[in-house]
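Participant: Sequence plus the predicted model coming up.
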Amino acid sequence: MPWDSLRPYPAALPFVTGAPWPCHSPVLRASLATTTTMLAAGFTLTLLMVLPGTRADLEGAWCYDSQDPTCGPTHWKEVAPACGGPAQSPINIDLHLVWRDPTLGPFIFKGYNAAPPGPWILENDGHTVLLRVDTGQQSRLEIHGGGLPPSVYRARQVHFHWGAPAYAGSEHSLDGQRYAMEMHVLHVNSRFRSMREALGHPDGLAVLAVLLTEQDTDNPSFSVLVSGLKNVSARGLSTELASTFSLASLLPASSSLGRYYRYSGSLTTPGCQPAVLWTVFQDTVPIGRAQVAQFQTLLAAGPPGSGPTPLADNFRPQQPLGSRRVTASPGALVRAAAPRLGLDGALAALLTLWIGRQLGQGV
Ligand SMILES: [Zn+2]
């Protein structure tokens, strides 16, 4: 069934924007050319991935269609070639086609159940609002297990994707159903010495994706974070949260963390490096309608000489799955028989039978 027919919200429409974004200016065009040259030289930093204190030149070179279609997702490959390459994210997860993988065991979470010392910094980077949670040894938040390679993955930041008011804003979908928002908890494989190195490997990053559903009442687990949003209303602003909190409180209930889907993909923002082992939890987390509205009041930078534009609909269109396979943990929902699995099994059984008979005849 096509995903459009199942989603609970109408199709997202871009905001009406005024003058075009600065990516039209000759100055920025020159900047884009410089950025492309740097990319060709292997300079593959991306905004959401940069270490604190560094800035990526890609930052002002791309946007979402809601801000200006001429620097939106179809143009990202012009500033980050990997955006036009294989193994891209996000995707729709078709529950009829996922393959069961018994090796997708439970996650082990370290530091997730307590409020770390912090402080945590919330930042509006013009593309999303992100919470930097990697604030030193005392605040280490790590995961391992969960079918990930035998390594520890360390949490760096949490960020969000959302739609315009009354529109779905998640990046991934389950059986075509998109949700109000999506939260990404980004972890780096501790095997690598730097983010830059991790971005060059298909197992460099592990992102936990949580689909958020809108409800009438606020979810108190988001209260501290949402309270900080008023202090980061415009691009470039950052604020120290009033307190830290248990990151586990933003995840699905512990009893359902074993139900998830896994595939290999990419960052969903430029430079789109195919370096992410994605985990999309089957169970969603509620967030209050008024809380979602607070995200929708955030602003991105507007074109020079005009006011800022709303920061909304900050999700990338879904990408082709191609030859990739999405797998399901033992507890996750799989719809009916996976036909390819069944066919493979039947062929294998026939082949075994045929070989057996051939051997039998030779004795
Ligand atoms: Zn994201």
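Facilitator: Now that the structure is in, tell me what you want to look at. Residues are numbered from 1 along each chain as shown.
Participant: and the nearest residue to Arg325 once chain neighbours are set aside, bridged to which residues?
Facilitator: Residue nearest to Arg325 in three dimensions, not counting chain neighbours: Trp99, with 5.6 Å by CB to CB, 6 or more residues apart in numbering. For the C-beta atoms, the positions are set from N, CA and C on the backbone; glycine is no exception. Judged by DSSP bridges, the bridge partners of Trp99 are Thr327.
Participant: Would you quantify the distance from Trp99 to Val334?
Facilitator: Trp99 sits 8 Å away from Val334, going by CB to CB, to the nearest Å.
Participant: who touches both of these two?
Facilitator: Counting by CB atoms under 8 Å, 6 or more residues apart in numbering, the contacts common to Trp99 and Val334 are Ala328.
Participant: Find the least confident helix or strand in this structure, judged by mean pLDDT.
Facilitator: helix 26-40 (a mean of 37; mean pLDDT, DSSP states H and E).
Participant: list the buried ones in the helix or strand following it?
Facilitator: Using DSSP states H and E, the next helix or strand after helix 26-40 towards the C-terminus is helix 76-79. Residues of helix 76-79 classed as buried under the neighbour-count rule (16 or more other CB atoms under 10 Å) are Trp76, Glu78, Val79.
Participant: ok, the spatially closest residue to the first one that is not a sequence neighbour to His201 distance?
Facilitator: Pointing back at Trp76 there. In space, and not counting its chain neighbours, Trp76 is closest to Cys83: 3.9 Å by CB to CB, 6+ apart. Note on Cys83: its distance to His201, by CB to CB, is 18 Å.
Participant: Compare those two (neighbour count), which wins?
Facilitator: Between Cys83 and His201, counting by other CB atoms under 10 Å, Cys83 is the more crowded of the two (24 against 15).
Participant: Now do the same contact list for the more buried one.
Facilitator: Applying CB under 8 Å, 6+ apart, we find Cys83 in contact with Pro73, Trp76, Lys77, Pro270, Gly271, Cys272.
Participant: tell me the two of those that are most distant?
Facilitator: Based on CB to CB, the longest span within these runs between Pro73 and Gly271 and measures 13.0 Å.
Participant: Doesn't Ser221 lie inside a helix?
Facilitator: Yes - secondary structure of Ser221 (DSSP: H, G, I helix; E, B strand; the rest coil): part of a helix.
Participant: Let me know how buried it is, in neighbour terms.
Facilitator: Counted with other CB under 10 Å, Ser221 comes out at 18.
Participant: just checking, it touches Ser249?
Facilitator: Yes - when contacts are counted by CB atoms under 8 Å, Ser221 is listed as touching Ser249 (4.0 Å).
Participant: ok, how many other residues are close to Thr70?
Facilitator: Counted with other CB under 10 Å, residues neighbouring Thr70 total 13.
Participant: Show me the helices in the protein, by range?
Facilitator: 26-40, 76-79, 195-198, 223-228, 289-296, 339-362 (DSSP state H).
Participant: Now the weakest link among these, please, by mean pLDDT.
Facilitator: Looking at these, the lowest mean pLDDT belongs to helix 26-40 (a mean of 37).
Participant: shaky segments in this protein?
Facilitator: 1-57, 59, 302-306, 336-363 (pLDDT under 70).
Participant: How about the contacts made by the nearest residue to Ala253 once chain neighbours are set aside?
Facilitator: Using CB to CB, 6+ apart and skipping residues adjacent in sequence, the residue nearest Ala253 is Asp283, 7.0 Å away. Asp283 makes contact with Pro252, Ala253, Ser256, Arg259 under the criterion CB under 8 Å, 6+ apart.
Participant: Hmm, Pro286 and the first one touching each other?
Facilitator: The reference is to Pro252. No - here Pro252 lies out of contact with Pro286, judged by CB under 8 Å, at a distance of 10.2 Å.
Participant: Any idea how many residues pack against Ser238?
Facilitator: 15.
Participant: Contact partners for it?
Facilitator: Taking CB under 8 Å, 6+ apart, one finds Ile121, Leu122, Glu123, Asn124, Val232 in contact with Ser238.
Participant: May I have the beta-bridge partners of the third one?
Facilitator: This means Glu123. Bridge pairing for Glu123 - DSSP bridges - gives Leu130, Ser238.
Participant: could you list every residue that touches it?
Facilitator: Taking CB under 8 Å, 6+ apart, one finds Val129, Leu130, Leu131, Arg132, Val232, Leu237, Ser238, Thr239 in contact with Glu123.
Participant: Looking at the residues you listed, which is nearest Arg196?
Facilitator: Arg132 (17.5 Å).
Participant: Identify the residues contacting the closest one.
Facilitator: Arg132 makes contact with Pro52, Trp120, Ile121, Leu122, Glu123, Arg156, Gln157 under the criterion CB under 8 Å, 6+ apart.
Participant: can you name the two of those that are farthest apart?
Facilitator: Maximum distance among these (CB to CB): 14.2 Å, for Leu122 and Arg156.
Participant: want to throw the buried residues of helix 76-79 into a markdown table with distance to Gly105?
Facilitator: As requested, the buried residues of helix 76-79 are exported to a markdown table (distance: CB to CB, whole Å):
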| residue | distance to Gly105 |
| --- | --- |
| Trp76 | 35 |
| Glu78 | 41 |
| Val79 | 39 |
